[in-house]
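Asker: I would like to see how this sequence folds:
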Amino acid sequence: MSKPKAYSYLRFSNIEQLKGDSQRRQLDGSRQWCSENDVELVEEMQDHGISAFRGKNRMLGVLGKFLELVRMDKIDKHSILIVENIDRLSREKVLEALTLYMELIKSEISIVTLIDGQTHSRDSIERNPFLLQMAIASMARANDESETKSRRINSAWKQSRKNALEGKPSKMGRLPCWMKRDSKTREVVLLQKQTKILQSLFQMCADGLTPFGITAKLNEERNPPFTSRGKTGVWGVSSVRKLLKSKSACGTLVVNEPYHDENGKRKYKTAGTVEDYYPSAISKELFAKVQTILKARTKSSTHKTGGSKPSPRNAFSGLAKEVGSGRGVRYTFSRYKGERREYLRSQRFTQQGIGKNSFSWNYMDFQNIFLATCRLALKATSQVTEEEQRLSLIENKISEASDSMDSLMELAKQAGSSKVALLTELDSMATQKDQMAEEAETLKQAIRTAKKAMGEIPEGIEDREKLRAILRANVRLIEIDFDHKIFTCELFSGVKYQAWLDQDNHLFVKTNDFQIPEDAFKELNVRQGWNKRKRRNALS
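Answerer: Have a look, this model is predicted:
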C-alpha cells in the first residue's frame, strides 16, 4: 500500500522575514511530521512576500495553483496540506477564509497545523465539531490582527502624506535610486555617478533619441543600471521610460493616495505634488521639454496605422505621414545604369499592388527642400527663450491636471456622501485648467512673433541618423501630399508652414510665422520632373 501524499505550504508577507529562522523552522517541522507519520512529502510550496490579508496568495500565489489542481482532480484524494497555522492559508474576513478552508475539506484534502498538531479533515470535524470552532476563532483572530495593523499603517502613511503636502518633515518611503541619505547629517544628497547618467539620459531624449535608442546607447557604453534587481545587468527600455517620466528628477515629490476600485483592486491617485522636495538632478525646463516630446510621440504612435520603420537611410522615418490617411510614408530605391535613386512614396498607393501607379517624391529633392524651409522656421523662435520654457511647464501642468480630473471622475462615480465634495474639487480643477490653457495660447502667440532663434540643422549634414535625431527634437509633424507635391510642417515651438512645388519645380512657402527672403531657395536643385512623380509599383 502506497504512503499518503503530503504538500507543505509556508508563506511570508514580507521578504525580509527570510532573514530569520522562520523558514527553516517551518520546513523542518513539515519534514519531521511526515517522517513521524509515515507520509510522503511530495512538494514544499512557498509564497514569499505575498500577503493573505486580501487573498492575494490564493489568487496569484502557489496556493492558488494548488487549489486549481485540487479542482481539476490532479491532487489525490486524502492528500495532506501541512501549514504552521490556519492563518498561513488566509487572513481574509472570516467568511472568505472559511470558504477556502471548507473547499479543501470537502475535496478530501486534510489540513495539518504544526503549531498544535491538529489534523482538520471531514472525519475529524465530524468526530469533534470543536475543531471547526477553533479554526473559525483562529481565522477571526488573524483577520482582526491584520485589520488593526492595516489601520495603523494606513493612518501613519496618511499623516506622512499630509505632512509632506504641508511642507513638514515626513517619511515618504524609498528614495529615488540616484539619491542617498547622508550618514552624518541625514540630509538627502545626489549620488554623483548615477546623477551624471540620469542627466545624460534626459539630454539624449531632448536631443531626439527615443527610449529604445537611449537604452541601446547606455548598454553600448556599459553604464551600469541604477538597481541590482535585474539579473542581466543591462538597461531595459521600460526602466528608461520610467526614469524619463519621474518627476523626482527635477526635485518634485509626487504624493499618491491608495484606493480600491469596484473590483476591490488597489489603485493610486495623485493627492498632490511638492516641488523642491528633493535635490534637483535636472532643470524643470528640461523635464518639461522631455515630457512634451514623449507625449507627442505617444500621440503619434496611437494614431499610427502603418508606416516606415526607423531606417539609417531615411531621416524622416517615424516623422513623415501621408496627408489624409495618417499613414507613414515608404522609403524605396531603384538602380538605373548603376546609379542609386531614392524615393519617398505614398504607402496608400504602393499597397494597391505591383503594376499599379503610385506617386513618389525624389528623396534628395524632398530632403533638400525640407531642410531649406525648416532652417527658416527654426529661426523664427528659439528653443531656449523664457516664453518656450514657460510654455513647456504649463503644458506639462495641463496634462497633469487632465490626469487628476480623470482620477476624480472615477472616484466620483463610486462615491456616496462625499460625491458633492469631489465634484466641487473637479469644478475648481477645471477652472484652473482653462486658465492655464489661455496662458499657454498667449505664450504660443508670443513665441511665434519672437523671431529670435537660430537654426540648429548643420549645413551639409550627411549622416541621416544624426539628422533624424535633430528633426525628432524639433519637428512635431510632417504631412505629405504626394499627388500635388505639397507638405505641411509643424515644430514643437508652434511654428507651422506649408511648402509646395509647382509644375515648373518652383518652390513656394506659405506661413504666418516667419519671413521668406527673396533669394532663399535660389540654390535649390530639383532633380525630379513633375510628370516623373508617378511611378509603377515594382518589387523593389
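
Asker: only C-alpha atoms from now on, for both contacts and neighbour counts.
Answerer: Noted.

Asker: beta partners of residue 259?
Answerer: residue 267 (DSSP bridges).

Asker: quick check: it touching residue 266?
Answerer: Yes - assessed by Cα atoms under 8 Å, residue 259 is found in contact with residue 266 at 5.7 Å.

Asker: next, the contact list for residue 244, please.
Answerer: 201, 202, 287, 290, 291 (Cα atoms under 8 Å, 6 or more residues apart in numbering).

Asker: looking at those, which are in helices?
Answerer: Counting by DSSP state H, the part of the contacts of residue 244 found in helices is 201, 202, 287, 290, 291.

Asker: and the longest helix along the chain, what does it pack onto?
Answerer: Counting by DSSP H, the longest helix found in the chain is helix 130-165. Using 3 or more Cα pairs under 8 Å, 6 or more residues apart in numbering; DSSP states H and E as the contact test, the elements touching helix 130-165 are helix 94-106, helix 122-127, strand 253-260, strand 266-274.

Asker: buried residues, the first one. List them.
Answerer: Judged by neighbour count using 16 or more other Cα atoms under 10 Å, the buried positions of helix 94-106 are 94, 97, 98, 100, 101, 104, 105.

Asker: which among the residues you listed gets closest to residue 166?
Answerer: Among those, residue 94 lies closest to residue 166 (Cα to Cα), at 39.5 Å.

Asker: what about that closest one, distance to residue 359?
Answerer: Taking Cα to Cα, to the nearest Å as the measure, residue 94 falls 71 Å from residue 359.

Asker: so where's the stretch 301-450 of the chain uncertain?
Answerer: 301-311, 348-358, 380-388, 410-422, 445-450 (pLDDT under 70).

Asker: all strands of it, in order?
Answerer: Secondary structure of the stretch 301-450 of the chain (DSSP state E, counting those that start in this stretch): strands located at 320-322, 330-336, 339-345, 357-362.

Asker: pretty sure residue 241 is touching residue 211, no?
Answerer: Yes - between residue 241 and residue 211 there is a contact at 6.2 Å, judged by Cα under 8 Å.

Asker: between these two, which one's more packed in?
Answerer: Neighbours were counted for residue 241 and for residue 211 using other Cα atoms under 10 Å; residue 211 has more, 22 against 16.

Asker: the more buried one and residue 240 touch, don't they?
Answerer: Yes - contact criterion Cα under 8 Å: residue 211 and residue 240 qualify, at 6.1 Å.

Asker: mind checking how far residue 484 is from residue 368?
Answerer: From residue 484 to residue 368 the distance is 18 Å (Cα to Cα).

Asker: which residues touch residue 260?
Answerer: Residue 260 touches 266, 267, counting by Cα under 8 Å, 6+ apart.

Asker: show me which residues of the helix or strand following the longest helix of the chain are buried.
Answerer: Counting by DSSP states H and E, the next helix or strand C-terminal to helix 130-165 is strand 179-181. Neighbour-count burial for strand 179-181, with 16+ other Cα under 10 Å as criterion, is recorded at residue 179.

Asker: give me the sheet partners of the helix or strand just after strand 179-181 and which way each runs.
Answerer: The helix or strand immediately downstream of strand 179-181 is strand 188-190, counting by DSSP H and E. Note on strand 188-190: by DSSP bridges, its sheet partners are strand 179-181 (antiparallel).

Asker: now do the strands in the stretch 1-150 of the chain.
Answerer: 5-12, 40-48, 80-83, 110-113, 118-120.

Asker: just name the most buried of the ones you listed.
Answerer: By mean neighbour count, with neighbours taken as mean count of other Cα atoms under 10 Å, strand 80-83 ranks first of the strands of the stretch 1-150 of the chain at a mean of 26.

Asker: that one - contacts with which helices or strands?
Answerer: By 3+ Cα pairs under 8 Å, 6+ apart, strand 80-83 packs against strand 5-12, strand 110-113.

Asker: tell me the mean pLDDT for that strand?
Answerer: Strand 80-83 comes out with an average pLDDT of 96.

Asker: OK, contacts around the nearest residue to residue 40 once chain neighbours are set aside?
Answerer: In this structure, residue 40 finds its nearest non-sequential neighbour in residue 5, 4.9 Å apart by Cα to Cα, 6 or more residues apart in numbering. With contacts defined as Cα under 8 Å, 6+ apart, the neighbours of residue 5 are 39, 40, 41, 42, 76, 79, 80.

Asker: which among the helices and strands packed on strand 80-83 is found nearest to residue 440?
Answerer: Closest among the helices and strands packed on strand 80-83, using Cα to Cα: strand 5-12, at 51.6 Å.

Asker: direction included, what does that closest one pair up with?
Answerer: Here strand 5-12 has these sheet partners by DSSP bridges: strand 40-48 (parallel), strand 80-83 (parallel).

Asker: out of these, flag the one nearest residue 253.
Answerer: Comparing those under Cα to Cα, the one sitting nearest is strand 40-48, at 30.2 Å.

Asker: got the CA coordinates for the closest one in CSV?
Answerer: Included here for strand 40-48 are C-alpha records, laid out as CSV according to Å, rounded to 0.1, in the frame of the first residue of the first chain:
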residue,chain,number,x,y,z
GLU,A,40,5.5,11.0,1.6
LEU,A,41,6.3,14.7,1.4
VAL,A,42,5.7,15.4,-2.3
GLU,A,43,6.3,19.2,-2.6
GLU,A,44,7.3,22.1,-0.4
MET,A,45,5.3,25.1,-1.6
GLN,A,46,6.3,28.7,-0.7
ASP,A,47,4.9,32.1,-1.2
HIS,A,48,7.4,34.8,-0.3
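
Asker: any idea how far it is from the chain center?
Answerer: 36 Å (Cα atoms, centre = their mean, to the nearest Å).
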